[in-house]
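Enquirer: After the sequence you'll find the predicted model.
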Amino acid sequence: MESLSSTLLTRLSPITNISYTSQKPQVSSFIVSCPKLNLRKSHLAAKLGLHIIANDTRGFKFRNSFQEAESYVGSKSAIRRKRLAVFVSGGGSNFRSIHEATLGDSVHGDVVVLVTDKPGCGGAEYARNNGIPVILFPKTKSSPDGLSADDLVATLRNLNVDLVLLAGYLKLIPSELVQAYPRSILNIHPSLLPAFGGKGFYGLKVHRSVIASGARYSGPTVHFVDEHFDTGRILAQRVVPVLPNDTAEQLAARVLHEEHEVYVEVVSALCEERIVWREDGVPLIRSRENPDEYS
Ligand SMILES: Nc1nc2c(c(=O)[nH]1)N[C@@H](CN(C=O)c1ccc(C(=O)N[C@@H](CCC(=O)O)C(=O)O)cc1)CN2
Ligand SMILES: NCC(=O)N[C@@H]1O[C@H](COP(=O)([O-])[O-])[C@@H](O)[C@H]1O
């Protein structure tokens, strides 16, 4: 505890002074500078047993366990690896790039299950070839072996899934799942939301609409998932040009290249618990290299 607090004080001084109001070796918290954010300092400080002596205008971030706090200031090794469920309906190139990142060092998590509505799709085949269990969802007349929403939630819980990643999954995620995994389900969409999103906007249909609109820029959006198609909070975007003679396939390939990079970056941040929720509900990503920077 002592080494942690001295590390933190060294890091923070002279921005903010903190002191512990009681000796609680199992609970620790700390303050970091957080430019332009307006988080509820007093509420969180009280909850965590922290007393803020001198308030800084720049806000703060906290962790609610000693282990997590240590990992924040030091290495990510103290953060538990996250257990990921990936949902796909198609070729699964985003799934593949995320899976490969988990096998390397760039994502602090493991894909423990693949969920699909199309058991013959490329993503499901890749999962089977890599020893990842495949679950069919939803249950329909044509897929009677599929799980119901309640059974899906129970199965993901039994597998201790922490995070759900939609990667080209084309069915609506039911409210049972959205509510069971608050702030823990991500989707990647191939346009700059809120433009060209919603029901009917998927795959090449999105790119055709972008080209027909005359938009000069497009790019993928990673967003949290709520009960509706493509309306959840935006977490990250990348921009690519729409060229004068683009076909939908050419634009799709340019956007997909960015998807593979941005989705891995975002999943990496989520697994390392580097998402901060601004007071107005907008999620931000804290930079690993410079914890004072957010995007
Ligand atoms: N609750 C949510 N579920 C899903 C979301 C979401 O944001 N919230 N995102 C989608 C993915 N998506 C775009 O990102 C998307 C996928 C599919 C459709 C669509 O119109 N689908 C057709 C069926 C297509 C098919 O089965 O071949 C339809 O529902 O009629 C729109 C947006 C994943 N789920
Ligand atoms: N609205 C959802 C949607 O259109 N998703 C898109 O489907 C493709 C899946 O490719 P992948 O199977 O190769 O990852 C991706 O471009 C993804 O953004």
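Expert: The structure has been received and is ready for your questions. Ligands and ions are numbered 1, 2, ... in the order given.

Enquirer: show me where this structure has strands.
Expert: Using DSSP state E, the strands of the chain run over 18-20, 50-52, 82-88, 109-116, 134-136, 163-166, 185-189, 217-218, 221-224, 234-237, 240-241, 275-277, 283-285.

Enquirer: Buried ones in stretch 117-130, by neighbour count?
Expert: Asp117, Lys118, Cys121, Gly122, Gly123, Ala124, Tyr126, Ala127 (16 or more other C-beta atoms under 10 Å). Where you see a C-beta, it was placed from the backbone N, CA and C, and this is true even at glycine.

Enquirer: ok, residues contacting stretch 204-220?
Expert: Stretch 204-220 is contacted from outside by 188-192, 195-196, 201, 237-242, 246-249, 251-252, 255, 258-259, 262-263, using C-beta atoms under 8 Å, 6 or more residues apart in numbering.

Enquirer: Which ones among the residues you listed map onto helices?
Expert: Cross-referencing the contacts of stretch 204-220 against helices under DSSP state H gives Ala248, Glu249, Leu251, Ala252, Val255, Glu258, Glu259, Val262, Tyr263.

Enquirer: what about the closest residue to the fourth one other than its chain neighbours, neighbour count?
Expert: When you say that, I think you mean Ala252. The spatial neighbour of Ala252 that comes closest, neighbours along the chain excluded (C-beta to C-beta, 6 or more residues apart in numbering), is His207 at 4.8 Å. Residues near His207, counting by other C-beta atoms under 10 Å, number 26.

Enquirer: quick one: His207 from Arg80, how far?
Expert: Separation of His207 from Arg80 (C-beta to C-beta, to the nearest Å): 38 Å.

Enquirer: same thing with Ala154?
Expert: Distance from Ala154 to Arg80, by C-beta to C-beta: 22 Å.

Enquirer: Likewise for Glu125?
Expert: Applying C-beta to C-beta to Glu125 and Arg80 gives a distance of 30 Å.

Enquirer: Ok, Gly168 next?
Expert: Distance of Gly168 to Arg80, computed by C-beta to C-beta: 28 Å.

Enquirer: These two: who's more crowded?
Expert: Between Gly168 and Arg80, Gly168 has the larger neighbour count (other C-beta under 10 Å), namely 26 against 14.

Enquirer: Give me the phi and psi angles of the more buried one.
Expert: Backbone torsions of Gly168, given as degrees, to the nearest 10, read phi 80, psi 30.

Enquirer: For it, which non-adjacent residue is closest in space?
Expert: Nearest non-adjacent residue to Gly168 (C-beta to C-beta, 6+ apart): Gly90, at 4.5 Å.

Enquirer: Wait, that neighbour touches Gly122, no?
Expert: Yes. At 6.6 Å, Gly90 counts as touching Gly122 under the criterion of C-beta atoms under 8 Å.

Enquirer: joint contacts of the two?
Expert: Overlap of the contact sets of Gly90 and Gly122 (by C-beta under 8 Å, 6+ apart) is empty.

Enquirer: Distance of the residue lying closest to Gly122 once chain neighbours are set aside relative to Ile185?
Expert: Nearest residue to Gly122 in three dimensions, chain neighbours excluded: Gly91, at 4.1 Å (C-beta to C-beta, 6+ apart). Gly91 is 21 Å from Ile185, where distance means C-beta to C-beta.

Enquirer: same deal with Ser89?
Expert: Distance from Ser89 to Ile185, by C-beta to C-beta: 16 Å.

Enquirer: ok, back up a step: is it possible to get a markdown table of the strands of the chain that adds distance to Phe95, mean pLDDT and mean neighbour count?
Expert: Shown next, in a markdown table, are those (distance: least, C-beta to C-beta, whole Å; pLDDT from 0 to 100; neighbours: other C-beta atoms under 10 Å):
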| stretch | distance to Phe95 | mean pLDDT | mean neighbour count |
| --- | --- | --- | --- |
| strand 18-20 | 42 | 36 | 15 |
| strand 50-52 | 41 | 41 | 17 |
| strand 82-88 | 5 | 98 | 24 |
| strand 109-116 | 7 | 98 | 22 |
| strand 134-136 | 11 | 98 | 18 |
| strand 163-166 | 8 | 98 | 23 |
| strand 185-189 | 10 | 98 | 24 |
| strand 217-218 | 22 | 98 | 19 |
| strand 221-224 | 14 | 98 | 24 |
| strand 234-237 | 18 | 98 | 18 |
| strand 240-241 | 21 | 98 | 14 |
| strand 275-277 | 21 | 97 | 16 |
| strand 283-285 | 21 | 98 | 19 |
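
Enquirer: Sounds good, over and out.
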